[in-house]
Structure formats: structure tokens, C-alpha cells
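Visitor: I'll drop the sequence and a predicted model, then ask my questions.
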Amino acid sequence: MHEMSIAAAVVDQVTSAAADRGATAVTTVRLDVGELAGVVPAALDFCFALVCEGTPLEGARLVTRSVPARARCGPCDTEWSPGVPPDLVCPRCGGARAELLTGRELQIRDVEWADGPLHAHS
């Protein structure tokens, strides 16, 4: 289950960011997840809750936003939704030189901190 390694990486990155800003708790983490990323949202939620235990993210909510896949044909510049699994043959010209524009994302979009920095700077 690669959702566990994804959850662990997210928690590591957010924990590091929390330490950098002096925050001790996180309430929400928002992720953009492309429909072609191969992530099962329910499995990611489960793994996220497990990995958060004992960290500044314990009890934090994970909010995922699905990013639809889009492709573009190089020769004729047509854009389309390639589906899952992706069909990268251009529906207009039949060309097979498509570029996948979106759909593989897996990135932290936003984090909500429960508290501010531990030490205010004057």
C-alpha cells in the first residue's frame, strides 16, 4: 500500500514546516491528488491518521482535492480528458504525441496551523 509512504512523506514535510515556523499543532492538511496518481483516498485517510499519531499533526484533518487528468496533442493542440487509464491518442487527429498536462499531481496545497510561532519576534 503506497498510501502509507505517501502519508508518511506528507507528515514529515508538514512536521518540518511546523518546526521551522515554531508551530506546535496542525489542524488541517490539504492535498491535490491527480486522478492518475493511483491514490485511494480512503486508504490515504486511514494511513494519514496512523502516521500522525505522536506528531504535531495528531488529530489533523486531511482534505484531498481531486485534479482531473487533461492531455494535449502536440501536432494539433487539441486538449481532452484522457480518462483512467489514460487514452493518449488524440481524438481529433489520431496522433499519438500527447502530453499529459494534469492528473499526476500529489502535492500539499495548504496547511492550517492550530497556533502561531512559539516565540514572537519583535
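Guide: On my side now, so go ahead. Note that the structure is predicted; figures quoted are calculated from it, not measured.
Visitor: The longest helix seen in the chain - contacts with which helices or strands?
Guide: Ranked by number of residues, the top helix in the chain under DSSP state H is helix 2-21. On a contact count with 3 or more Cβ pairs under 8 Å, 6 or more residues apart in numbering; DSSP states H and E, helix 2-21 meets strand 26-34, helix 41-52, strand 106-113. (Each C-beta comes from the backbone N, C-alpha and C, glycine too.)
Visitor: Tell me which of those is the most buried.
Guide: Each of the helices and strands packed on helix 2-21 was scored by mean neighbour count; the highest is strand 26-34, a mean of 19, by mean count of other Cβ atoms under 10 Å.
Visitor: Check the residue nearest to Cys76 when sequence neighbours are not counted and give its pLDDT.
Guide: Spatial nearest neighbour of Cys76, excluding adjacent residues (Cβ to Cβ, 6 or more residues apart in numbering): Cys93 at 4.5 Å. Listed pLDDT for Cys93 reads 96.
Visitor: circling back to that earlier point, what angle separates the longest helix of the chain from strand 26-34?
Guide: Here helix 2-21 runs at 130 degrees with respect to strand 26-34, directions being taken by axes from the mean of the first three to the mean of the last three Cα atoms, to 10 degrees.
Visitor: Taking helix 41-52 as reference, get the angle to helix 2-21.
Guide: Going by the same axes, to 10 degrees, helix 2-21 makes 50 degrees with helix 41-52.
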